[in-house]
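*Asks:* have a look at this fold, sequence not included:
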């Protein structure tokens, strides 16, 4: 089953990167990485397209995994609290992870991708004077919790 899981993971990542060609956090850098909102170890949400964001490498690593509190607040800003909370709740479900489940998830991803409108309006840069994600990393905005 491992090659099937690897195929499903690769398919999910490619769909997310095609859906989000520009980083969803900063809106400035090209997307090079697909990020799971709810941890990818949770198979209940692992292959849901709404559980992914296309990110640039700086937002994904320096602004993301290296600063989890900031990253969570940014994800909530981008997708909204309702979807974020829903994904976290769904990710707690236990699913039977067998070949049939993975094949079903692959078909769901292909169907959902076919239904997507790839023309997603992209927002402008966060504030004037910030030319890249590096500027955002070096001068992060305040986090309001």
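*Replies:* Cool, the structure landed. Only a predicted model underlies this, so the values are computations on that prediction, with no experimental measurement involved.
*Asks:* strands of this structure, start to end?
*Replies:* Per DSSP state E, the chain carries strands over the ranges 33-36, 52-55.
*Asks:* direction included, what does the first one pair against?
*Replies:* Looking back up the chat, that one is strand 33-36. With DSSP bridges as the test, strand 33-36 is paired with strand 52-55 (antiparallel).
*Asks:* give the buried residues for stretch 98-106.
*Replies:* Using 16 or more other Cβ atoms under 10 Å as the test for burial, stretch 98-106 gives 101, 102, 105, 106. (Glycine included, C-beta is placed from N, CA and C.)
*Asks:* deepest in the core, which of the strands of the chain is it.
*Replies:* Sort the strands of the chain by mean neighbour count, taking mean count of other Cβ atoms under 10 Å, and strand 52-55 sits at the top with a mean of 26.
*Asks:* what does it contact?
*Replies:* 12-13, 15-17, 19-25, 31-37, 64, 75, 78-79 (Cβ atoms under 8 Å, 6 or more residues apart in numbering).
*Asks:* repeat for stretch 96-107
*Replies:* Residues contacting stretch 96-107 (Cβ under 8 Å, 6+ apart): 1, 4, 5, 7, 8, 11, 43, 46, 47, 95.
*Asks:* from the residues you listed, list just the buried residues.
*Replies:* 5, 8, 11, 43, 46, 47.
*Asks:* so which of those residues are in helices?
*Replies:* If you go by DSSP state H, those have 5, 8, 11 in helices.
*Asks:* ok, of those, which one's closest to residue 86?
*Replies:* Using Cβ to Cβ, residue 8 is the member of these that sits closest to residue 86, with 21.8 Å.
*Asks:* kindly provide the distance from that closest one to residue 81.
*Replies:* Note on residue 8: its distance to residue 81, by Cβ to Cβ, to the nearest Å, is 28 Å.
*Asks:* now swap in residue 92 and tell me
*Replies:* Distance from residue 92 to residue 81, by Cβ to Cβ: 17 Å.
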